[in-house]
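Trainee: sequence first, predicted model second:
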Amino acid sequence: MHRTTNDKRATLGKLAGLAAAAGLPAVASRPALAQGEPIRIGLILSMSGPFASTGRQIEAGVKLWMAQNGDTVAGRKVEVILKDDTGTADVTRRIAQELVVNDKVTALAGFCLTPLGLAAAPVATQSKTPMIVMVAATSSVIDASPYMVRVSMTVPQLTLGVAQWAPKNGIRKVMTLVSDYGPGIDSEKSFVEFYTKAGGQVLESLRVPMRSPDFAPFLQKVRDARPEGLFVFVPAGVGAAVMKQFAERGLDKAGIRLIGTGDITEDDILPGMGDVALGVVTSHHYSAAHDSTANKRFVEAFRKANNNMRPNFMAVAGYDGMRAIYQALATTKGAGGDAMVDAMRGMEFESPRGPIRIDPQTRDVVQNIYVRKVERVGGELYNVEFDTLPMVRNPHGK
């Protein structure tokens, strides 16, 4: 059902031809799979390196969906081929080419970071292979290929809730602190736009290098400026480091409110953050504490299957991504290409996060955005939702 492979069965000649031709002719003209062959899904995730926790959560979500719904669609076995891109764009591109040329996958999926999604986009376009984006949240990523369908989120969606909430709740002057890469810059620009429209004032915007980030000097600068709040956006898995240094620099005791998107209070690492996280307000599309029957069942099954690990929004992206793939393949009777992408346009279902829909024009996700506060529930820290922005489209979408 689910195998990991690092083999490089595509010849160097094939790959050289792909790189030189820029049109991937061998990919575009490959024959259709025989009816009896398995439907292969190429799952490209960062399973090692600094973003390995993201890959593990997505893989666990994919596995859970398949465990609950079987490994057969349209009368054919579904085979997931997991490959580790180590969080490196060049590796992502090469793996995508190998999966398309050699493994003849029906679809590509995964992509833990924006640069990784962008790296694979030309391969998807040239080979007409559907590409299900499970993370890569920069607003414009979806425009990189007409074969891309995003089931995760967009950064402008995530910033909208907290940007509108903060100035209405006593946080009228803020600084922003973001990681200096596509989604971080996207979040900074989106937050400043929405926050100032809601009546807030941004005193200064700070960007932290992605490589070997040290938040301490930036947080000290915030401490000295004493804004009413600090908006933070960092990649998944980095929120704990920000929270730790926020406390060490005494920003919490100085009365500076920490706000941001849900990346800084990820569900799986939140329990270990301690009391400094209490009261932190974020906006996001998923919380493990989301109060719905579908989510309670999902959390229970996920924890049971993963040594009591709490699922985060990455796990939901993997789970929902496989559901979208299954539903589309059922509609197309196992066919990929344009037919599979068309089958996803307008798709709607109830996710553990709440209702979601794939916009038929943009191929982007439409979903609820929740404003949440970290509270202690049953002795554990959770993101408790207290407000909902219903069915938000990408505010910066076309």
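Mentor: Perfect, I can see it now.

Trainee: A96 touches L116, doesn't it?
Mentor: No. Under the criterion of Cβ atoms under 8 Å, A96 makes no contact with L116, lying 9.5 Å away. In short, each C-beta sits where N, CA and C put it, glycine included.

Trainee: shared neighbours of the two, anything?
Mentor: Residues touching both A96 and L116 (Cβ atoms under 8 Å, 6 or more residues apart in numbering) are I44.

Trainee: which neighbouring elements make contact with the helix or strand hosting E300?
Mentor: In the assignment (DSSP states H and E), E300 maps to helix 293-305. Where contact means 3 or more Cβ pairs under 8 Å, 6 or more residues apart in numbering; DSSP states H and E, helix 293-305 is packed against helix 52-69, helix 313-332.

Trainee: okay, the angle between it and helix 313-332?
Mentor: Helix 293-305 runs at 110 degrees relative to helix 313-332, counting by axes from the mean of the first three to the mean of the last three Cα atoms, to 10 degrees.

Trainee: in helix 293-305, which residues are buried?
Mentor: Across helix 293-305, burial judged by 16 or more other Cβ atoms under 10 Å covers N295, F298, V299, A301, F302.

Trainee: report the distance from it to the chain centre.
Mentor: In terms of Cα atoms, centre = their mean, to the nearest Å, the centre of helix 293-305 is found 19 Å from the chain centre.

Trainee: try stretch 134-146
Mentor: 10 Å.

Trainee: give the buried residues for it.
Mentor: So for stretch 134-146, counting by 16+ other Cβ under 10 Å, buried means M134, V135, A136, A137, T138, S139, V141, I142, A144, S145.

Trainee: from A198, how far out is V341?
Mentor: Remark: distance between V341 and A198 (Cβ to Cβ, to the nearest Å) = 36 Å.

Trainee: and those two? Which one has more around it.
Mentor: V341 (25 against 15; other Cβ atoms under 10 Å).

Trainee: so what's the more buried one closest to, chain neighbours aside?
Mentor: By the measure of Cβ to Cβ, 6 or more residues apart in numbering, the closest residue to V341 outside its immediate chain neighbours is P130, 5.2 Å from it.

Trainee: thought V371 was touching A163?
Mentor: No. Between V371 and A163 there is no contact under Cβ under 8 Å: 10.2 Å.

Trainee: are there residues contacting both of these two? Which ones?
Mentor: Common neighbours of V371 and A163 (Cβ under 8 Å, 6+ apart) are S283.

Trainee: which one of the two is surrounded by more residues?
Mentor: Each of V371 and A163 has its neighbours counted (other Cβ under 10 Å); A163 has more, 26 against 22.

Trainee: what ranges does the stretch 51-200 of the chain have for its strands?
Mentor: 72-73, 76-84, 107-110, 131-133, 148-150, 173-179 (DSSP state E, counting those that start in this stretch).

Trainee: okay, buried residues for the longest one please.
Mentor: Using 16+ other Cβ under 10 Å as the burial criterion, the residues of strand 76-84 that qualify are R76, V78, E79, V80, I81, L82, K83, D84.

Trainee: quickly check the residues you listed for the two that are furthest apart.
Mentor: Pairwise distances across the buried residues of strand 76-84 (Cβ to Cβ) peak at 26.1 Å, for the pair R76 and D84.

Trainee: list the contacts of V377.
Mentor: So V377 contacts A289, V384 (Cβ under 8 Å, 6+ apart).

Trainee: dihedrals phi and psi, it?
Mentor: For V377, the backbone dihedrals (degrees, to the nearest 10) come out as phi -130, psi 120.

Trainee: now A240: closest residue in space that isn't a chain neighbour?
Mentor: Excluding its sequence neighbours, the residue lying closest to A240 (Cβ to Cβ, 6+ apart) is I269, at 5.0 Å.

Trainee: flag the shaky bits of the stretch 101-250 of the chain, pLDDT-wise.
Mentor: Applying pLDDT under 70 to the stretch 101-250 of the chain flags no residue at all.

Trainee: quick one: the helices in it, in order.
Mentor: Counting by DSSP state H, counting those that start in this stretch, the stretch 101-250 of the chain has helices at residues 114-127, 155-165, 182-197, 216-225, 239-248.

Trainee: I'd like the ones you listed laid out as JSON lines, including distance to M347.
Mentor: Supplementary listing: the helices of the stretch 101-250 of the chain in JSON lines, determined by distance: least, Cβ to Cβ, whole Å:
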{"stretch": "helix 114-127", "distance to M347": "18"}
{"stretch": "helix 155-165", "distance to M347": "18"}
{"stretch": "helix 182-197", "distance to M347": "24"}
{"stretch": "helix 216-225", "distance to M347": "41"}
{"stretch": "helix 239-248", "distance to M347": "31"}
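
Trainee: compare these and give me the one nearest R207.
Mentor: Proximity to R207, assessed across the helices of the stretch 101-250 of the chain by Cβ to Cβ, is greatest for helix 182-197 (6.7 Å).

Trainee: which strands and helices sit next to the closest one?
Mentor: helix 114-127, helix 155-165, strand 173-179, strand 201-208, strand 229-233.

Trainee: in CSV, list those along with distance to A52.
Mentor: Shown next, in CSV, are these (distance: least, Cβ to Cβ, whole Å):
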stretch, distance to A52
helix 114-127, 13
helix 155-165, 22
strand 173-179, 17
strand 201-208, 21
strand 229-233, 20
